[in-house]
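>>> sequence plus predicted model, see below.
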Amino acid sequence: MAGMTFNPTRMELTRLKKRLTTARRGHKLLKDKRDELMRQFMEAISENKRLRVALEDKIRSANRHMSLARSMIRDEVIATSLLFPKQSMSLTIEEKNIMSVRVPQFTAQFRSSDPGDIYSYGFAFTNAELDDTIASISDIMPDIIRLAELEKSCQLMASEIEKTRRRVNALEHVMIPKYQEAIRFITMKLDESERSAITRLMKVKDMMIEKAITERQNKEKS
Amino acid sequence: MKGKVSESHYAYSVTAARIMQRALLSDADYSLLISAPDAIAALAVLSSKGWKTPADISLIPQMLDDAMQEVWDFLVEFAPDINIFKPFILRNDYHNLKAGLKCSLSELQVDRYFIRPALIPRKLMKEAFFENHFSLLPEPFSTVLKQAYDALSETRDGQLADIIIDRAAIDGMNGAANEVREPLVRHIVDTLCALSNIKIAFRSAMLGKNKDFLNAAIGNCSSLDRNSLIESSAKGFNELFRYLKTTRYAAQVDILKTSPIDFERHFEDRILSSLEPIRFEALGANPLIAFFLFKEAEIKNIRLILAGKLAQSSQEEIRQRLRRIYV
C-alpha cells in the first residue's frame, strides 16, 4: 500500500468507504464537467477557426488596399492623414461562467455613431483607395474583437480541461484504486482478525473442555 | 500681377531641361520595369537607367523623395522665374502645415511626416511649431494654421483641421496660378483644383456629408461653379453627376460613376496629354512646366510599379494604374 498509511480498523474502513463514495461521485461530476467543457471547447474552436480564416482573408484584402493606396499617395501623406483619428473605441470587459471557467466577453463602444467618422482626413489630396483601406480595416474590427474573445476563452477552457482531465485521471487511476485496495486490505485484515479470534475462542473452548474432562476423570478415579 | 519673363530668357533652361528629359523613362523602360520579377529586379532596371537606387527596399520612398527634390533644385537653379512652379509645390507646404500641426499636438517627431520639395524651409516650419509662434510663417499660412490649430485643439477632429488646410491649399494654388501670367499654369492648376473639388464632392456625397462640411472643404476653381457643386453634392450622387454633366468634365462622369481611382488617373492623363504638343517648344516656360509635370508623373509611376512589385500585384494591375507619359 504505497503512499497510504492507515490503521486497519473498522473505523478506518468506514472512513475509507465514505471517501471512496465521495471520490466516485467527484469522478462522475468531473467527468461530466470535462465532457461539457470539451463540447463547448469544440464549438469555440470551430468558430475560432472559421473566424480566423475569414479574418485573414479580410486582413489580406485590407493590406492589398493599403498597398494600392501607398502606391499612389506618399507615405508621409498617409501617415499624416491618420494621425488624429476622429473615431475611437473603448472596450467593456465582462465575464461569463462556462462550467466554472470565467471567460471574457468584450463589448465595443464607439465614440461616434456616424460611420463616416472613420475617415480622419480631408478628401482633397487623398484618394478613394485610402477610403477603401480604412473602411476595410474598420469592417474587420468587430471580427477581431470576437476572435480575441474566442481565443482567450479557448485558452482558458483548454487549461481548465487539462486540469479537469488530470483530476479525473487521478481519481480514476490513482485515488479510487488506492481506496479500493485499502478497503480490500482492511477488510482482509479484519476478516483475518475475526478468524483468528474465532480460532482462539475455539482453542480456548477446546482447552476448557479438555480441562473439564481431565477434572471429571480425576474425580472419578479418586 | 507680376511681370512676365521674356520667352528668350528660357532658352538656356529649356535646353537644360531637354537634356534632362532625355533621361525620362520610355515605354520600353516601363515594360522592363513592369515585367521585372520583383522590386529588387525593378530597382536594378532603374539603376541601369541612371537612377540612384538604394540597396535596401525600405529606402525606396527616400529615393523617390530625393528624385523630386533633385528636379526642384534643377528648376530653382535654371528656371528664370521659379514662381511659375509655385502653384504646383504649394500643396506640399500645406501638407507640411498639417503634419506639423498634428505632430505638435500629439508630441511626435515631425521630420518623418514632412515632404519635399517645399517653399517654406523645414527649419522655419519646425521653429514655428516648436515655439508655437505661428506668425513666423508667411501669410496666408500663419492665418490658416491658427484656424486649424483652434479647430483641432478644440474638437480633436483631424478631418476638420485637414479640410481647413486643404481648402486653403486649393485657394492658394488657384491664387498663385492667377498671379502667374502663364495660361498653361492657370489651366493645369485649375484642372488640379477641379479634380480635388470633385473628389471632395463625390466622397462627401457617398458619406452623406452636409452643406456645412462641403462649404468648408470645397475651394474655388474657375471651371466649376462652387455653389452648384456644393448644392448638388449635398443632394447626393445623382444630382452631383447631373451637375458635372453640365461642366467641361462631362466626359469623365461615367468613369467617376464606375471607379473614382480611374477617374483620378484619367484626369491626370488628360493634363499630361495636354502637355504633349508643347514639350518640343524651344522658348518660353511651357517646356519647363511640361518637364516638371512629366518628371512628377514618372516618379508617381515608379512609386506605383515598385509598390505593386512589393505587394506582388499582377503586371496587368500595375499597367492599368500607370499614368501616360509621352517620351
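It's in.
>>> hmm, the lengthiest helix in chain A touching chain B?
Of all the segments of type helix in chain A, defined by DSSP state H, the longest one is helix A:10-72. Yes: legend: contact between helix A:10-72 and chain B by Cβ under 8 Å from any Cβ of the partner chain is shown at A:63-64, A:67-68, A:70-72. C-beta: built from backbone N, CA, C; applies to glycine.
>>> give me the contacts around the lowest-mean-pLDDT helix or strand in chain B.
When the helices and strands of chain B are scored by mean pLDDT, DSSP states H and E, helix B:11-21 comes last with a mean of 85. By Cβ atoms under 8 Å, 6 or more residues apart in numbering or on different chains, the list of residues contacting helix B:11-21 from outside reads B:74, B:78-80, B:279, B:281-284, B:287-288, B:291, B:294-295, B:327.
>>> may I see the PyMOL selection of the buried members of these?
Buried members of the contacts of helix B:11-21, defined by 16 or more other Cβ atoms under 10 Å in any protein chain shown, are picked up in PyMOL with:
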select buried, chain B and resi 74+78+79+80+279+284+287+288+291+294+295
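>>> identify the farthest-apart pair in the contacts of helix B:11-21.
B:Pro80 and B:Val327 (24.9 Å; Cβ to Cβ).
>>> check contacts around the residue of chain B found nearest chain A.
Per Cβ to the nearest Cβ, B:Gly158 is where chain B lies closest to chain A, at 2.8 Å. For B:Gly158, the contact set (Cβ under 8 Å, 6+ apart) comprises A:81, A:83-86, A:120-121, B:102, B:152.
>>> just the residues you listed: which has the poorest pLDDT?
Minimum pLDDT across these is recorded for A:Lys86, with 86.
>>> quick one: that residue and B:Thr155 touch, right?
No: here A:Lys86 does not reach B:Thr155: they are 9.0 Å apart, not a contact under Cβ atoms under 8 Å.
>>> so for those two, which sits in the more crowded spot?
A:Lys86 (19 against 13; other Cβ atoms under 10 Å in any protein chain shown).
>>> that one should be in a strand, yeah?
No: read with DSSP: H, G, I helix; E, B strand; the rest coil, A:Lys86 is coil and lies in no strand.
>>> for B:Ala28, see how far away it is.
Using Cβ to Cβ, to the nearest Å, A:Lys86 is found at 46 Å from B:Ala28.
>>> around chain B, which positions in chain A sit nearby?
Going by Cβ under 8 Å from any Cβ, the residues of chain A near chain B are A:63-64, A:67-68, A:70-72, A:74-77, A:79-81, A:83-86, A:115-116, A:119-125, A:127-129, A:131.
>>> only the buried subset of those residues, as a ChimeraX command please.
Here is the ChimeraX selection string for the buried members of the residues of chain A next to chain B, based on 16+ other Cβ under 10 Å:
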select /A:64,67,68,70,71,72,74,75,76,77,80,81,83,84,85,86,116,119,120,121,122,123,124,125,127,128,129,131
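>>> need the contact partners of stretch B:254-273.
A:72, A:127-129, B:188, B:191-192, B:195, B:198-199, B:202-203, B:241, B:244, B:252, B:293-294, B:297, B:321, B:323-326.
>>> go on, stretch A:56-68?
A:129, A:132-133, A:136-137, A:139-140, A:143, B:307-308, B:310-311, B:313, B:321.
>>> ditto for stretch B:44-64
Contacts of stretch B:44-64 (Cβ under 8 Å, 6+ apart): A:74-76, B:23, B:25, B:29, B:32-33, B:36, B:39-40, B:43, B:66-67, B:299, B:302-303, B:306, B:310.
>>> just the ones of those residues in helices?
Short answer: the contacts of stretch B:44-64 in helices (DSSP H) are A:75-76, B:29, B:32-33, B:39-40, B:43, B:66-67, B:299, B:302-303, B:306, B:310.
>>> drop anything exposed from those.
Using 16+ other Cβ under 10 Å, the buried members of the ones in helices among the contacts of stretch B:44-64 are A:75-76, B:29, B:32-33, B:39, B:43, B:67, B:299, B:302-303, B:306, B:310.
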